[in-house]
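K.L.:
take a look and give me a structure for this.
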Amino acid sequence: MGELVEYLVLTKCGRRFAWSAQSLDTLFRDMQARNYVVTYITTMEEFNAMSEVEKVEVEFRYAA
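P.N.:
Purely as a prediction, here's the structure:
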């Protein structure tokens, strides 16, 4: 059994999930089995990194 990766998943109906899966294929199968249409996927690691960059950009913009 492989290592689980945590993903941020947005769906067509507007739901937002933190979902663990071994691969993107597994994630898509899980979502399809639950009748969700995925519109956006990123790893939580990548999402957190993007969030940190955005925080720094905001701080830089509003620095005196």
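
K.L.:
Gly14 should be in a strand, yeah?
P.N.:
No - Gly14 sits outside any strand when classified using DSSP: H, G, I helix; E, B strand; the rest coil, being coil.

K.L.:
what about it, neighbour count?
P.N.:
7 (other CB atoms under 10 Å). For the C-beta atoms, the positions are set from N, CA and C on the backbone; glycine is no exception.

K.L.:
for it, phi and psi?
P.N.:
Phi and psi for Gly14, reported as degrees, to the nearest 10, are phi 100, psi 0.

K.L.:
from Thr42, how far out is it?
P.N.:
In this view, Gly14 and Thr42 are 17 Å apart by CB to CB, to the nearest Å.

K.L.:
SS state for Ile41?
P.N.:
Classification of Ile41 using three-state DSSP returns strand.

K.L.:
touching, it and Glu6? I think so.
P.N.:
No - Ile41 is not in contact with Glu6 according to CB atoms under 8 Å; the separation is 11.3 Å.

K.L.:
which stretches in this protein count as strands?
P.N.:
Along the chain, counting by DSSP state E, strands occupy 5-11, 16-21, 38-43.

K.L.:
check contacts around the residue nearest the centre of the chain.
P.N.:
In the chain, the residue lying closest to the centroid (CA atoms, centre = their mean) is Leu8, at 1.9 Å. For Leu8, the contact set (CB atoms under 8 Å, 6 or more residues apart in numbering) comprises 16-18, 40-44, 47.

K.L.:
hey, what's it bridged with?
P.N.:
Beta bridges link Leu8 to Ala18, Thr42 when assigned by DSSP bridges.

K.L.:
for it, report the pLDDT, please.
P.N.:
Note on Leu8: pLDDT of 94.

K.L.:
which stretches of this protein have low pLDDT?
P.N.:
1, 63-64 (pLDDT under 70).

K.L.:
quick one, longest helix in it?
P.N.:
helix 44-61 (DSSP state H).

K.L.:
quick check on the contacts of Leu8: which are buried?
P.N.:
By neighbour count, with 16 or more other CB atoms under 10 Å, those hold 17, 41 as buried.

K.L.:
need the max-distance pair from the contacts of Leu8.
P.N.:
Comparing all pairs in the contacts of Leu8 by CB to CB, the longest separation belongs to Arg16 and Thr43, at 14.7 Å.
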